[in-house]
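Student: The following block contains a protein sequence and its predicted model.
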Amino acid sequence: MSRSVTPPDPICMICGAPVRHGELTVSLHGDFAHQACHSSPLDAADRVAERLRRVAPAAYCDICLASMLRLEPSQVFKATARFRAAHPDFRVAVGARCAGCASRLA
């Protein structure tokens with residue numbers, strides 16, 4: 001007897017959360033996004049901050065964040081630099097390993 005395997009829910013390309021059956025979505029170049037995420041005017045820094053809140057306490061390097069959020073690496077570099085300057089509680093886990101690529105964070 002063969003069992004059918006249910007594929008995992010697709011991931012919203014903007015917020016990174018699962019897109020569940022029945023949710024309002026937008027298709028962007030073959031990827032999905034929640035309609036609410038697509039219509040909200042988030043800048044790159046807002047998107048990076050939201051992703052970091054969702055994945056905490058995992059740490060990611062700027063390159064992996066850029067890839068996950070489909071942003072230019074320079075946008076992520078600027079966002080994390082802005083966080084460091086504006087938020088004393090924002091810290092980079094220097095020496096920790098990136099959860100995406102396993103490189104050491106600097």
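Tutor: Good, I have the coordinates. Everything numeric in this text was worked out from a predicted model, so none of it was measured. Numbers count the residues shown, from 1 in each chain.
Student: I'd assumed Thr80 was in contact with Val48.
Tutor: Yes - with contact defined as CB atoms under 8 Å, Val48 reaches Thr80; the gap is 6.7 Å. C-beta: built from backbone N, CA, C; applies to glycine.
Student: quick one: which of these two has more around it?
Tutor: Val48 (26 against 19; other CB atoms under 10 Å).
Student: Next, the buried residues of the longest helix along the chain.
Tutor: Taking DSSP state H as the criterion, the chain has its longest helix at helix 73-86. Within helix 73-86, the residues scored as buried using 16 or more other CB atoms under 10 Å are Gln75, Val76, Phe77, Lys78, Ala79, Thr80, Phe83.
Student: Which strands and helices lie in contact with it?
Tutor: If contacts are counted by 3 or more CB pairs under 8 Å, 6 or more residues apart in numbering; DSSP states H and E, helix 73-86 sits against helix 44-55, helix 62-69.
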